[in-house]
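Asks: I would like to see how this sequence folds:
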Amino acid sequence: MLEAAKQLLIPSKRSDVPPFIVMDVMAAAAAIEAKGGRVIHMEVGQPFHPAPTAARAAAQAALAHGRIGYTEALGIPSLRARIAGHYKDTHGLELDPARVVVTTGSSGGFILAFLSLFEAGDRVALANPGYPPYRHILSALGCEPVLIETSAETRWALTGKALIAAHRKTPLKGLLIASPANPTGTMMDADHLSQLSAVAEAEGIRVISDEIYHGLDYAFAAETAANISERALVINSFSKYFCMTGWRVGWMVVPDSMVRAVERLQQNLAISVPTLAQVAAEAAFDGRDEMETVKHGYEENRRILTAGLPKIGLKKFLPVDGAFYLYADVSTFSNDSLAFAKRMLNEAGVAATPGIDFDPVNGHNFLRFCYAGSAAEMHEAVERIGGWLKQA
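Replies: Residues are numbered from 1 along each chain as shown. From the prediction side, this is the model:
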């Protein structure tokens, strides 16, 4: 009887996914701060700035009004229309608001996308390195993430040739792409995105485009997959460009034929996205000028790091096209990025994320630095890391 009772406390196999290491780094940094230490946070992809003034004012007004109830499962209609209008303003795309689904951050969008598009056992291609929860969520849902190596020769982006090679080996059901990408910050131009999408669709491979860092593009303007194919499923969020990480609100653009399936899943999994966050998100579009000023700050931070890190010995990093990440090769100093990151946090007071979080193959040679903080912090980080490396 005791043995039977113990079995009741064993987690399921599908819950046995790796940790999201960046959150562990964040917790370790918080422990240092709790003891009075000061840490420069470059680990979590979280803007230093608050949500747009208009978004916060709208939320305060909604709270003052009183009752905050459920919304429609697909989201507040006026917010969905505003998101559709954003595609017209930004990409010249006439988008039917009926194809827009409001989600609980991009994370909720990935769950809805994977559940609505794939069966258990389906294989889904991902670029390596890439955002860890892609593969962790797929695994938890019973799908198989298929990591395809990228390299400097392809600007760290997937190619149609690499996709076909993986597909011929064992058939793929899906492809998840991201531009700008996390952790690399690299981007695909419109031609590359179009060619990759066309190759996938010709093989019957469903395309999901993670566009959470759209708006944060420096090398050239980001293109949306929604402008390339009505069959692509797009995921975006208010977290990054609009500085609304903790509000947990994002959106999807889904093919017409998928709307009802996604709606049914949303009804059962979440009922609806938190109303207050949706109200704030709709008003966030009125804060574009404010957010562009924030973006210019990221550009300055990008300049500080790309100029400063080579001077202290971190001379190799990937193209810093967009988002707010710099993915640096630390192999000159260590081939154990986890240990290197721990030492840098404890000895230099700078928190960054080890590459093994994003790349189980070569990530031991890399660190991801998030430059979404202040310019003063970026200067101090370079100074601290430089002094530490001299002593190491």
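Asks: can you give me the domain boundaries for the chain?
Replies: Split into domains by automatic domain parsing, the chain comes to 2-50+289-391, 53-287.
Asks: all the helices of the stretch 151-300 of the chain, in order from the start?
Replies: Remark: helices assigned in the stretch 151-300 of the chain by DSSP state H, counting those that start in this stretch are 160-169, 190-202, 259-269, 275-284, 288-308.
Asks: please identify the buried residues of the last one?
Replies: Within helix 288-308, the residues that qualify as buried by neighbour count (16 or more other Cβ atoms under 10 Å) are 288, 290, 291, 294, 295, 297, 298, 301, 302, 304, 305, 308. C-beta: built from backbone N, CA, C; applies to glycine.
Asks: can you name the element that comes right after it?
Replies: The first helix or strand that comes after helix 288-308 along the chain, using DSSP states H and E, is strand 325-329.
Asks: now do that following strand: distance to the chain's middle.
Replies: How far strand 325-329 lies from its chain's middle: 15 Å, per Cα atoms, centre = their mean, to the nearest Å.
Asks: name the next helix or strand downstream of it, please.
Replies: Past strand 325-329, the next helix or strand by DSSP H and E is helix 337-343.
Asks: flag every buried residue along that following helix.
Replies: For helix 337-343, burial by neighbour count (16+ other Cβ under 10 Å) applies to 337, 338, 340, 341, 342.
Asks: which among those residues gets closest to residue 314?
Replies: Residue 314 has its nearest neighbour among those in residue 340, at 11.1 Å by Cβ to Cβ.
Asks: I'd like to know how many residues surround the residue nearest to the closest one when sequence neighbours are not counted.
Replies: Nearest residue to residue 340, sequence neighbours excluded (Cβ to Cβ, 6 or more residues apart in numbering): residue 334, at 4.1 Å. Residue neighbour count, defined by other Cβ atoms under 10 Å, stands at 18 for residue 334.
Asks: hmm, back to that, could you dump the domains of the chain to CSV with mean pLDDT?
Replies: Below are those laid out as CSV (pLDDT from 0 to 100):
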stretch, mean pLDDT
domain 2-50+289-391, 92
domain 53-287, 96
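Asks: now, of those, which is deepest in the fold?
Replies: Compared across these, domain 53-287 shows the largest average neighbour count, a mean of 19 (mean count of other Cβ atoms under 10 Å).
Asks: any idea how far apart the tips of that one sit?
Replies: Start and end residues of domain 53-287 are separated by 7 Å (Cα to Cα, to the nearest Å).
Asks: on that earlier part again, nearest to residue 221 among the buried residues of helix 288-308?
Replies: Nearest member of the buried residues of helix 288-308 to residue 221, counting by Cβ to Cβ, is residue 295, at 12.6 Å.
Asks: does residue 100 really touch residue 256, like I thought?
Replies: No - contact criterion Cβ atoms under 8 Å: residue 100 and residue 256 do not qualify, at 11.7 Å.
Asks: still on that earlier bit, phi, psi for the residue nearest to residue 340 please.
Replies: In terms of degrees, to the nearest 10, the main-chain angles of residue 334 are phi -160, psi 150.
Asks: begin at 254, not 1, for the rest of this chat.
Replies: From this message on, residue numbering opens at 254, which makes the last subject residue 587.
Asks: ok, it touching residue 594?
Replies: No - taking contacts as Cβ under 8 Å, residue 587 lies outside contact range of residue 594: 9.2 Å.
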